[in-house]
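Colleague: Sequence and predicted structure, then a few things I'm wondering about:
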Amino acid sequence: MFDSQARPMIRLINFHHTPPSGKERLAAQLAWCAERYATVTPDGLDTFIRTGTLPGGRPGWIPAFYNGYRDNIEVAAPILDRLGVPGWFFVVTDPIGLPPEAHRQFAAEHRFSPPETPWADGRELLSAAEIRTLAQRHVICSHTATHATAIGPDCPEEVARREIVTSAQVLRDLTGVTPAAFCWLYGEPYDARPGVHALLREAGYRFLFGSRLIERIA
């Protein structure tokens, strides 16, 4: 990911569930990265895309956590806080505010993986209060409203708007900050879905995260 003879690169490390059983391994992995790579914030990512530079000339890294699983705040966030590293949390917004007993059914119907061990109260996904707490030290982003809709060329505009624009508004209302980035299902690049470029801009996102690259939304 980093060639000393070329411009520095950013290592994007993707996580989904962060179960308690893997806490020690996760802590070691995150600490290893924190020692070797420059932490990248949204402003730092803007600077990197414009200038190709990162703090200290080191390669950068972004730990990204997808879907808004409860174990992300229970397990991953405290480790990141100890290291002083901001995580990028990509939240699915529709389940925010659902009662705990509805989480398991929503997760099963919307392509979420079940937790390693069921939570006693049944709540599997982040609550509104937890998202606000994360936003104090970390970067909150959108991973669609439903985690079920492919926003392709044939997707009706009202559906795409809900997934892209409404999800941003929900997070903005919760945190007071426009989410920095969006990631739709399957991690396709910006040019794969030109029909919704205007919606990404309307929502106020700065970046689109894909499977192979991070792009500035112009």
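Modeller: Good, I have the coordinates. Numbering: from 1, shown residues only.

Colleague: so which strand or helix has the residue nearest the centre of the chain?
Modeller: Closest residue to the average C-alpha location of the chain: F90 at 2.3 Å, with C-alpha atoms, centre = their mean. Using DSSP states H and E, F90 sits within strand 88-91.

Colleague: so what does that strand touch, helix or strand wise?
Modeller: When contacts are defined as 3 or more C-beta pairs under 8 Å, 6 or more residues apart in numbering; DSSP states H and E, strand 88-91 sits against strand 60-67, helix 128-135, strand 139-142. Any C-beta I mention is one placed from the backbone N, CA and C, and that applies to glycine too.

Colleague: average pLDDT across the shortest one?
Modeller: Read it as strand 139-142. Regarding strand 139-142, the rounded mean pLDDT is 98.

Colleague: list the helices and strands whatever helix or strand comes next after that strand packs on?
Modeller: Using DSSP H and E, the helix or strand that follows strand 139-142 in sequence is helix 157-161. Contacts defined by 3+ C-beta pairs under 8 Å, 6+ apart place helix 157-161 against helix 197-203.

Colleague: what's the spatially closest residue to T144 that is not a sequence neighbour in contact with, if anything?
Modeller: Nearest non-adjacent residue to T144, counting by C-beta to C-beta, 6 or more residues apart in numbering: E163, 4.5 Å away. Contacts here follow C-beta atoms under 8 Å, 6 or more residues apart in numbering; on that basis E163 touches 144-146, 149, 151, 184.

Colleague: Any chance of CSV for the residues you listed, columns distance to L125?
Modeller: Output for the contacts of E163, formatted as CSV (distance: C-beta to C-beta, whole Å):
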residue, distance to L125
T144, 13
A145, 13
T146, 12
T149, 17
I151, 21
W184, 18
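
Colleague: angle of the longest helix anywhere in the chain against strand 60-67?
Modeller: Of all segments of type helix in the chain, defined using DSSP state H, the longest is helix 23-36. Helix 23-36 runs at 150 degrees relative to strand 60-67, counting by axes from the mean of the first three to the mean of the last three C-alpha atoms, to 10 degrees.

Colleague: Just the mean pLDDT for helix 23-36, thanks.
Modeller: Regarding helix 23-36, the rounded mean pLDDT is 97.

Colleague: Show me what that helix is packed up against.
Modeller: Applying 3+ C-beta pairs under 8 Å, 6+ apart, we find helix 23-36 packed against strand 10-15, strand 60-67, helix 77-83.

Colleague: quick check: mean pLDDT across the first one?
Modeller: Averaged over strand 10-15, pLDDT sits at 94.

Colleague: Ok, the last one next?
Modeller: For helix 77-83, mean pLDDT rounds to 98.
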